[in-house]
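K.L.:
Provided below are the primary sequence and the corresponding predicted coordinates.
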Amino acid sequence: MIVIGSWGQLNVLEALAIYSIRMVRSSGYEAVSEEFLARRGSASSRSAGIGVKEVRMWAKRLPRGSSVIDLGCGPGFPLTVVLVDEGLHVFGVDAAPSFVAAFRRNLPDTPIICEAVQESRLFNRTFDAVLAWGLMFLLQEEDQHRLIQKFAEILVPGGRLLFTSSAKPGVWNDVMTGLESLSLGAERYGELLGAVGISVMDEYEDEGENHYFDAFKGRIEQENRALEAG
C-alpha cells in the first residue's frame, strides 16, 4: 500500500485509475493545476485577469441578489469573485480537485461542488443566470449539446447566459493542456440554443480574443417588450 497525497492509502493501480478519472473529468486541467493557479488563480489576478471587464459588465446588468452558477469556475479568481463582488448569490462547479480546494480558500463563503458538468446535478435547483467561461469548447460535441440543454433546464424564464467559444467552427489544441478543443461555431450554437428556447442577444470579444455569447432564456421579441415596459 502507498499514500497518494490526500487520497489515503491506495494501491498503485487504484491511484492511477483515480488520477486518470480526474484528468478526464477536469478536461486535463488537474494535471496543469499548479501552473494554472500560478498564472490565473491568485489574488493578484482579481482585477487584471482576461475576462474580468466583460464578466463585470454582464454581472452589473443582473439584479443584485440574483442567483448565478459559474460552471468550470476554477479557483474562483479572477472571475467568480467578480460575481460575488457585484452582490450576486453565487454557486460554483468544477471538476478539478485542486481548483476546488483553491476556490474554497479564495471564496470560503461561496458554495462549490467538485463535479464534471457532464454529470453534475448542478445543486438541484434553477438559477437567474449561468456563466460558463472557457468551458464549452473543452467538451466533446455531444457533451456540448447536453450542456446547452442543461442551460435551458436550470435557467428561470428570462434568465441570462454568458459563455465563451470561438465564433468560427474548428478544432485546436488547448494551450495549457494540449488536449483537443472544439468549437461548433456561432451559427451552430445559435441553432442549438434556439432549439431549447434560448436567444443570443449579443456577441463580442475581449483582449484575449475570447468570443462571448450573451444570451437569455426566451425570445428576442419578449426581451424587447420587457425593455419597453421597463
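P.N.:
On my side now, so go ahead.
K.L.:
Every contact and neighbour count from this point should use C-alpha atoms.
P.N.:
Will do.
K.L.:
Partner strands of the lengthiest strand in the chain, with direction?
P.N.:
If you go by DSSP state E, the chain has its longest strand at strand 155-164. Looking at strand 155-164 with DSSP bridges, its partner strands are strand 127-132 (parallel), strand 211-217 (antiparallel).
K.L.:
end-to-end on stretch 192-203?
P.N.:
16 Å (Cα to Cα, to the nearest Å).
K.L.:
how about the helices in the protein?
P.N.:
Here the chain has its helices, by DSSP state H, at 12-25, 33-40, 52-60, 80-85, 97-106, 141-154, 186-195, 220-229.
K.L.:
Could you export those helices as JSON lines, including distance to Gly208?
P.N.:
Formatted as JSON lines, those follow (distance: least, Cα to Cα, whole Å):
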{"stretch": "helix 12-25", "distance to Gly208": "25"}
{"stretch": "helix 33-40", "distance to Gly208": "13"}
{"stretch": "helix 52-60", "distance to Gly208": "11"}
{"stretch": "helix 80-85", "distance to Gly208": "18"}
{"stretch": "helix 97-106", "distance to Gly208": "22"}
{"stretch": "helix 141-154", "distance to Gly208": "22"}
{"stretch": "helix 186-195", "distance to Gly208": "18"}
{"stretch": "helix 220-229", "distance to Gly208": "29"}
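K.L.:
Pick the most deeply packed of those.
P.N.:
helix 80-85 (a mean of 22; mean count of other Cα atoms under 10 Å).
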